[in-house]
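**Q** Sequence and predicted model, in that order:
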Amino acid sequence: MSGSAAPEVRPPPAGAAMPWGMLATLSAVVFLVTGSAIALSPFLLDIAHDLGTTLAAVANLLGVMSVSWGVVSVSAGALSDRLGRRPVLVLAVLALGAARLGLAFAQSYVAAVAWQLLAGVGGGGFMGTVFAAVSDRVPPAQRGRALGWVITGQSLSLVLGVPLVTLLGAFGGWRVAVAAHALTALVAAAAVWLSVPGGTVAAPPAGHARARLRGVMSVRTVALLLANTTERTCFATMAVYLASFLLTTYGISMQALALALALVALGNLAGNMLGGWLADRVAARPLIFAGASVATAALALPLMLWHPDVAWSVVLGFAYSLANAAGRPAVMATLSEVPGEVRGAILGLNITMSSVGWLGASGLGGWLVARHGFGSLGLLTASFALVGAGLAVVAWRARRESGVTGTHHARR
């Protein structure tokens, strides 16, 4: 290599120290980026009034962002395999900050749509790369916990994101809240640059061909990607419709609803931590996902079909969120076992598949509720969870039948 070339990132040795500083920074930025997807939800009416449009049109701004988010994720991950993780992560956060600043000053609905599309580019670029960046720096045997910490940023955004944005909006309206988000993103970009080491993925040893994306798209990988889509569908269905279910079923106040949703979201946080711990101790990682999916299916039915009182529904919601989240670190850690030169592409494709789950849940879930009531959501999520469990078993059997023992060893 020439002296001006970027240094190569070598896989960390087994037993290497966990890069806690990088993990903490990236988890915080994941909180910021994930929160951007729901940051407008408290202000839909105010935005509609300011831009002279309807509530339905403003609500579509959230969907617009998710489309560009999903499209960009896979290409950003692949780009990071060539240019390095750090520049892609930093540019993505800068794009998100610029988009938020533009939205804060938008004077028309068309301008708001354009800024939301750019925000999705930033969000998808970051989330399509961040899991690969962590996997590059953490030994396989520790990736379950490490990726669980990053996913924790997503969970915390559900608990704290909307309340924090709402508090900012209370002082200066939605434009001030969005502008504050933009300025925070600019600071976050600098933090990412300082905490994530530079360099590109190391070339394969002499005599070994560079891995290609098509070459790693095995039955096992495809089954894991589809299993992740089912998990995100189960997660998104409750994230989108649980609040309406509690309001419609029990007629509780908004204050009680906020507390109930926070408690349910804490289940997601606990599930991520538990799932990361298990993923580093159980060699058959796909079976962790399969077990979590079966538990999710079993809890989905009473959650939506049994209405004893609000307290029991919250308890069931907490348990459902915990079970649903417990399998995700295992899938992410297993997908990270592909060669480093295509890891960004695979994990970026995983984020794209996640967006498909979100869109499917919101569209199909809304149709089911309108036609058959909230109970149908229990059947929907239970069905998807069981399909996900089956896909995880397929992935596990494909790995066993290939004769590959795996790249990580369970911690004892």
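**A** That came in fine, so what should we check first? Numbers count the residues shown, from 1 in each chain.

**Q** going forward, measure contacts between C-alpha atoms and count neighbours the same way
**A** OK.

**Q** In a helix, residue 198, correct?
**A** No: Residue 198 is assigned coil when assessed by DSSP: H, G, I helix; E, B strand; the rest coil, not a helix.

**Q** Distance check, it against residue 81.
**A** 12 Å (Cα to Cα, to the nearest Å).

**Q** Quick check on those two: which one has the bigger neighbour count.
**A** residue 81 (23 against 17; other Cα atoms under 10 Å).

**Q** in what helix or strand does that one lie?
**A** In this assignment (DSSP states H and E), residue 81 forms part of helix 55-83.

**Q** which parts of that helix are buried?
**A** 58-59, 61-81 (16 or more other Cα atoms under 10 Å).

**Q** Ok, stretch 349-365 next?
**A** 349-362, 365.

**Q** Do I have it right that residue 399 meets residue 220?
**A** Yes: in terms of Cα atoms under 8 Å, residue 399 counts as a neighbour of residue 220; the distance is 6.6 Å.

**Q** Same drill for the two, tell me which one is more crowded.
**A** Per other Cα under 10 Å, whichever of residue 399 and residue 220 has more neighbours is residue 220, with 22 against 19.

**Q** residue ranges of the helices in the stretch 101-250 of the chain, please?
**A** For the stretch 101-250 of the chain, applying DSSP state H, counting those that start in this stretch gives helices covering 109-137, 143-156, 162-195, 213-216, 219-250.

**Q** In CSV: the ones you listed, plus distance to residue 324 and mean pLDDT.
**A** Output for the helices of the stretch 101-250 of the chain, formatted as CSV (distance: least, Cα to Cα, whole Å; pLDDT from 0 to 100):
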stretch, distance to residue 324, mean pLDDT
helix 109-137, 19, 93
helix 143-156, 12, 85
helix 162-195, 22, 88
helix 213-216, 27, 68
helix 219-250, 7, 88
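
**Q** domain ranges for the protein?
**A** 18-200, 213-401 (automatic domain parsing).

**Q** Any idea how far the longest one is from the middle of the chain?
**A** The chain centroid and the centroid of domain 213-401 are separated by 11 Å under Cα atoms, centre = their mean, to the nearest Å.

**Q** Same question for stretch 122-130.
**A** 10 Å.

**Q** residues making contact with it?
**A** Residues from elsewhere that reach stretch 122-130, judged by Cα atoms under 8 Å, 6 or more residues apart in numbering: 26, 30, 33-34, 36, 68-77, 80, 85, 88-96, 344-345, 347-352.

**Q** now stretch 360-368
**A** 233, 234, 236, 237, 240, 374, 376, 377, 380.

**Q** Then stretch 169-188?
**A** Taking Cα under 8 Å, 6+ apart as the rule, stretch 169-188 contacts 29, 32, 39-40, 43, 46-47, 93-94, 96-101, 103-105, 165-166, 168.

**Q** Equivalent analysis for stretch 220-228, please.
**A** Residues contacting stretch 220-228 (Cα under 8 Å, 6+ apart): 286, 328, 331, 335, 350, 353-354, 387-389, 391-392, 394-396, 398-399.

**Q** got the buried residues for stretch 129-136?
**A** For stretch 129-136, by 16+ other Cα under 10 Å, it's 129, 130, 131, 132, 133, 134, 135, 136.

**Q** tell me which of the residues you listed is nearest to residue 20?
**A** Using Cα to Cα, residue 134 comes nearest to residue 20 of the buried residues of stretch 129-136, at 10.6 Å.

**Q** Pretty sure the closest one sits against residue 146.
**A** Yes: Residue 134 is within contact range of residue 146, at 7.2 Å (criterion: Cα under 8 Å).

**Q** Need the phi and psi values for residue 217.
**A** Main-chain torsions, residue 217, degrees, to the nearest 10: phi -80, psi 70.

**Q** measure it to residue 82 for me?
**A** 19 Å.

**Q** For the helix or strand hosting residue 383, which residues meet the burial criterion?
**A** Per DSSP H and E, residue 383 falls inside helix 375-401. Within helix 375-401, the residues that count as buried by 16+ other Cα under 10 Å are 375-399.

**Q** would CSV of the helices of the stretch 101-250 of the chain with distance to residue 314 be doable?
**A** Shown next, in CSV, are the helices of the stretch 101-250 of the chain (distance: least, Cα to Cα, whole Å):
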stretch, distance to residue 314
helix 109-137, 30
helix 143-156, 17
helix 162-195, 19
helix 213-216, 42
helix 219-250, 9
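
**Q** picking up where we left off before, could you tell me the angle between the helix holding residue 383 and helix 219-250?
**A** 160 degrees (axes from the mean of the first three to the mean of the last three Cα atoms, to 10 degrees).

**Q** Which other helices and strands does helix 375-401 contact?
**A** helix 219-250, helix 285-305, helix 340-372 (3 or more Cα pairs under 8 Å, 6 or more residues apart in numbering; DSSP states H and E).
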